[in-house]
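Student: fold the following for me, if possible:
(chains A and B)
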Amino acid sequence: MNRRDFLKTSLISAGALSIAPAELFGADIPPDIAVINTTDIIKGVQRAIELIGGIGRFVKNGDKVVIKPNMSFASGIDVAANTNPIAVAAIVELCRDAGAKKISVLDNTLSNPRDALSYSGIETACNKIVKGCVSAVKDERFFSEVSIKGGAILKTTKIIKEVLEADVLIAAPKVKSHGGAGVSITMKGMMGLIYSRSSFHISGLHECIADLYSVLKPAFTLMDAIKVMTTGGPGGPGNVKDYNEIIAAADGVAGDAFAAARYEWYGRKVTPMNVGYLKEAAKRSLGRIDIENFKVISEKL
Amino acid sequence: MRSYKRVIQGISLALFVFLIFLLPLKIVNETYLRLDPFSASITALAGRYISFEMILALFTILATLFFGRIFCGYVCPLGVTQDLIDFFYNKRNDVYRRFVKLRYIFMAAAATSAAFGINLGFHLLPISIATRFYGLVVYPFIKVPVFAVMAFMQEHFGWFGYATLHIMRVSSIFAIFFIIAFIFFFSRNTRRFWCKYICPSGAFMGLLSLKAPYRRRVNGDCTDCGLCDRRCPMHAVKNHKDYAVSECISCKECVRVCPSKAVSFGFTANGKECGFSYGQRVLSGISRRTLLSGAVFGASAANLSVNELASTVFNPTERGKVIYAGLIRPPAALPEKDFLARCIRCGECVAACPTNGLQPLGLEAGSLALFSPILVPRRGNCEATCAVCSAACPTRAIQAVDLPNKQHAKIGTARVIKERCIAWAEDKACVVCQEVCPYNALKLDPEAGYKSSVPKVEPNRCFGCGACEHSCPANIPAVIVEPNGELRIYTRDYITASLEAGLDLKIAEKAIVTPPVESEDYNDENSLPPGFL
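Tutor: Next up, the predicted model:
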């Protein structure tokens, strides 16, 4: 438990330290949200991360990095249930160039791992950058029990050991609709790093997502809104709209709030207050959902 | 000499086991299962079919006609297993000699029941028993220590990354093991117990071998010591020179033990050869009475088995069928009567199923369905991208279909049990069944009086794959697959058949193609889309 606590604390303080200088001294404070509209996905990813402070703000030389995309489904890019593979590969490349010692792209897939990894295209794309970095993690022995202090419902959960030991966690979610949670983006995506998510549905999905996020906070999130599944999520098929947008945010809650309000779900606009877990996150100060006060930079490449 | 027999046997068993272990990699080779002429014959008889694939059995028949029972002596995996078992025992006091007629009775019984269209031979087909044993007992067994070693390496050395091994669970695994335990137990008193007293395939090949020109011969050096009589594992040698051709498996133990090197095997030249004596051909155990009693036994057993409550065969009337609720057959399984007639219970499909969802049935659906495959979705769903069971079936009880046709071979229909479903009963936000459904057959719809949307099954879109049942977060699944609406046909064109049945099974659309049409039906200002509060 000591080592785990140590690692957790160091992970959080590393995150805090990396944010602090910019907040305190930065004449040019990075925006809360960077939105890039482009068809060149690699450039879009690079620019979005550059705008929120550059990869160097989050990944230091020698860091162990875990990237969490959506690659749960045995479906291709057009269904828009998984993160765009080129976007994930672009993040892997940035981390590699920033000097990361180890980069792993992990998800506890819903479909069988072989099909999920191959249909999503993420394995093929990332293998070109760092060979063998993509894994589906399903066996209980790769997870380790973590207690959640202040969890409303979720008191303990099992998280992938490698994630607990990593220096940096990066979220690379797909922006999509979700029949149970409203939208599935960064916060909901963290459920892919734990062993048993079934209990969430039984005990209260929104509270559990917020509980989990309090121990699994990514350093930043890079959201894939290139194709957005606006209905029928999370697995689809649903209506898929081409927005060609890549959104980056250091605060995952803020990112989710922004993306939830930016797109139409089932043809309707919603506010962050319509999303149960975002409301919960704001209540517990896990992040901001006051989208009207966000500093947003939009660019078109 | 002994070594070359052992080498051939070793290679045969190794190849057999190797092919079984390759099944989960979707590399299928059921050659061994097709080699046994008796299984092929009774399956053809019971299932009333003939197929080109049976030509492999013809090879064995030809070999037996010329060389005698070399299949038993050198190839049969259960024979090799029996030799391995005999290695553990040293007893030579055979107390079972009076049962020498038994295998002819079993043979006649299997053939007679098959003639009535009921395949009971699977209980005693050596090739089925061997495949079942190695595929469903040995294979799962050795996976456990392999997994343990791998997990140890991953934990302490960081090898193998996140690689994993699916631990196999097999229902009735002890019942499957029982027959091997039975052989093991009786082998303490004699060698080749199974082959001598039980094996109906051996009996059949014994009959085929009666006129084989390849024979045992003894020359004038014989000192009448009688060692060959005593050491013959098949009790085939009588009075040194005479031997029962139908018993001899050409193992050549008599050649090896003969102190004066008087025994050899060879082809007869015009029935005589200078300096050799062929002795008398002896018939052992077989008689008209034996075969007749076997036939009566087989017919009665067939008769009795259709008297069972859950028997699905021989239903003159439509009403009154008691169908076991879990009777979900693999996709593309023939209509039940023919499926049971053809299925030899080898368990290849079960061993091959990558999700471990296919399981050998116990006695739930009657003894006639014993060890036949069913899908247990809670254990593993039927993967939409897999058709390995259909490729694995040696008798085509599961028809050979390509992936598009397999994806239309509906095996059942899912049903939501509202009282157990946390969305229906407790108004909780749960989407798991909809999320995992590869056929888009589960819809999450808003329901009056519910905050969360609730799952509903569209039966004509449901394949019955059981992904929903497999993943349902409730301990006792709230969505279950039942054998309703299954597509059991004789042609292999399941696509047409499913359209004719009014089904709308679409897997490919979800997997790779862009989903169609705009349908924004949430224009009601007072309600929010699913999941929002």
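Student: separation between residue B:223 and chain A?
Tutor: 67 Å (C-beta to the nearest C-beta, to the nearest Å). C-beta coordinates here come from the backbone N, C-alpha and C atoms, glycine included.
Student: and that residue, what element?
Tutor: Of the helices and strands defined by DSSP states H and E, none includes residue B:223.
Student: what residues does the residue nearest to it when sequence neighbours are not counted make contact with?
Tutor: Nearest non-adjacent residue to residue B:223, counting by C-beta to C-beta, 6 or more residues apart in numbering or on different chains: residue B:260, 5.5 Å away. The contact partners of residue B:260, by C-beta atoms under 8 Å, 6 or more residues apart in numbering or on different chains, come to B:221, B:222, B:223, B:225.
Student: right, and the secondary structure at the residue nearest the centre of chain A would be what?
Tutor: Closest residue to the average C-alpha location of chain A: residue A:171 at 2.5 Å, with C-alpha atoms, centre = their mean. Three-state assignment for residue A:171 (DSSP: H, G, I helix; E, B strand; the rest coil): strand.
Student: list the beta-bridge partners for it.
Tutor: Beta-bridge partners of residue A:171, counted by DSSP bridges, are residue A:68, residue A:221.
Student: which ones are touching it?
Tutor: Going by C-beta under 8 Å, 6+ apart, residue A:171 touches A:67, A:68, A:186, A:189, A:190, A:218, A:220, A:221, A:222, A:252.
Student: same check, this time on residue B:42
Tutor: By C-beta under 8 Å, 6+ apart, the contact set of residue B:42 is B:110, B:111, B:114, B:119, B:121.
Student: nearest to chain A among these?
Tutor: For the contacts of residue B:42, the residue nearest chain A by C-beta to the nearest C-beta is residue B:119; the value is 33.8 Å.
Student: look up how far residue B:344 lies from the residue nearest to the closest one when sequence neighbours are not counted.
Tutor: Excluding its sequence neighbours, the residue lying closest to residue B:119 (C-beta to C-beta, 6+ apart) is residue B:46, at 4.0 Å. Per C-beta to C-beta, to the nearest Å, residue B:46 is found 10 Å from residue B:344.
Student: same deal with residue B:414?
Tutor: Here residue B:414 is placed at a distance of 30 Å from residue B:344 (C-beta to C-beta).
Student: please apply the same query to residue A:141.
Tutor: 38 Å.
Student: so those two - more neighbours on which side?
Tutor: Using other C-beta atoms under 10 Å in any protein chain shown, the more surrounded residue of residue A:141 and residue B:344 is residue B:344, with 28 against 12.
Student: residue 41: neighbour count?
Tutor: No chain specified, so I'll use chain A. Using other C-beta under 10 Å, residue A:41 is surrounded by 20 other residues.
Student: hmm, I had chain B in mind actually
Tutor: So residue B:41, with other C-beta under 10 Å, has 19 neighbours.
Student: what do you get for the one 4 residues further on?
Tutor: Other residues within reach of residue B:45 by the criterion other C-beta under 10 Å amount to 20.
Student: which element is the closest residue to it other than its chain neighbours on?
Tutor: Spatial nearest neighbour of residue B:45, chain neighbours left out: residue B:114 (4.1 Å); criterion: C-beta to C-beta, 6+ apart. Following DSSP H and E, one finds residue B:114 within helix B:102-115.
Student: cool, residue B:225 as well?
Tutor: Here residue B:225 is assigned to no helix or strand, by DSSP H and E.
Student: contacts only, for it.
Tutor: With contact taken as C-beta under 8 Å, 6+ apart, residue B:225 is in contact with B:240, B:259, B:260.
Student: report pLDDT for the last one.
Tutor: So that's residue B:260. Predicted confidence (pLDDT) for residue B:260: 91.
Student: rewinding a little: so the residue nearest to residue B:223, which of the three states?
Tutor: Classification of residue B:260 by three-state DSSP places it in coil.
Student: just residue B:45 next, same as before
Tutor: helix.
Student: hmm, back to that, return the alpha-carbon coordinates of the helix holding residue B:114 using PDB.
Tutor: The C-alpha trace of helix B:102-115 is given here as PDB (Å, rounded to 0.1, in the frame of the first residue of the first chain):
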ATOM      1  CA  LEU B 102     -19.000 -58.100 -25.900                       C
ATOM      2  CA  ARG B 103     -17.600 -55.900 -28.600                       C
ATOM      3  CA  TYR B 104     -19.600 -57.700 -31.300                       C
ATOM      4  CA  ILE B 105     -22.700 -57.100 -29.200                       C
ATOM      5  CA  PHE B 106     -21.800 -53.400 -29.000                       C
ATOM      6  CA  MET B 107     -21.100 -53.300 -32.700                       C
ATOM      7  CA  ALA B 108     -24.400 -54.900 -33.600                       C
ATOM      8  CA  ALA B 109     -26.200 -52.700 -31.100                       C
ATOM      9  CA  ALA B 110     -24.700 -49.500 -32.600                       C
ATOM     10  CA  ALA B 111     -25.400 -50.600 -36.100                       C
ATOM     11  CA  THR B 112     -29.000 -51.600 -35.300                       C
ATOM     12  CA  SER B 113     -29.800 -48.400 -33.500                       C
ATOM     13  CA  ALA B 114     -28.300 -46.500 -36.400                       C
ATOM     14  CA  ALA B 115     -30.500 -48.400 -38.700                       C
END
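Student: avg pLDDT for the helix or strand following that helix?
Tutor: Using DSSP H and E, the helix or strand that follows helix B:102-115 towards the C-terminus is helix B:126-133. Per-residue pLDDT over helix B:126-133 has a mean of 94.
Student: just stretch B:28-35 next, same as before
Tutor: 82.
Student: stretch B:142-160 now?
Tutor: Across stretch B:142-160, the average pLDDT comes to 91.
Student: show me the shaky parts of the chain.
Tutor: All of this is about chain A. A:1, A:11, A:13-27 (pLDDT under 70).
Student: nope, chain B please
Tutor: Across chain B, the ranges flagged by pLDDT under 70 are B:1-2, B:91-92, B:269-275, B:508-527.
Student: what residue lies at the spatial centre of it?
Tutor: Centre-most residue of chain B, counting by C-alpha atoms, centre = their mean: residue B:346, 1.5 Å.
Student: can you get me a residue count around the closest residue to that one other than its chain neighbours?
Tutor: Spatial nearest neighbour of residue B:346, excluding adjacent residues (C-beta to C-beta, 6+ apart): residue B:131 at 4.1 Å. By the criterion of other C-beta under 10 Å, residue B:131 has 28 neighbours.
Student: distance of residue B:131 relative to residue B:87?
Tutor: Taken as C-beta to C-beta, the span from residue B:131 to residue B:87 is 22 Å.
Student: and if you look at residue B:417?
Tutor: Residue B:417 sits 53 Å away from residue B:87 when distances are taken as C-beta to C-beta.
Student: neighbour count: the two, which is higher?
Tutor: Neighbour totals were compared for residue B:417 and residue B:87, and residue B:417 leads with 15 against 10 (other C-beta under 10 Å).
Student: would you confirm that the more buried one contacts residue B:474?
Tutor: No. Residue B:417 lies out of contact with residue B:474 (C-beta atoms under 8 Å); the separation is 9.2 Å.
Student: tell me the contacts of the nearest residue to residue A:220 once chain neighbours are set aside?
Tutor: In space, and not counting its chain neighbours, residue A:220 is closest to residue A:250: 4.7 Å by C-beta to C-beta, 6+ apart. Contacts for residue A:250 (C-beta under 8 Å, 6+ apart) come out as A:19, A:30, A:32, A:52, A:53, A:57, A:58, A:219, A:220.
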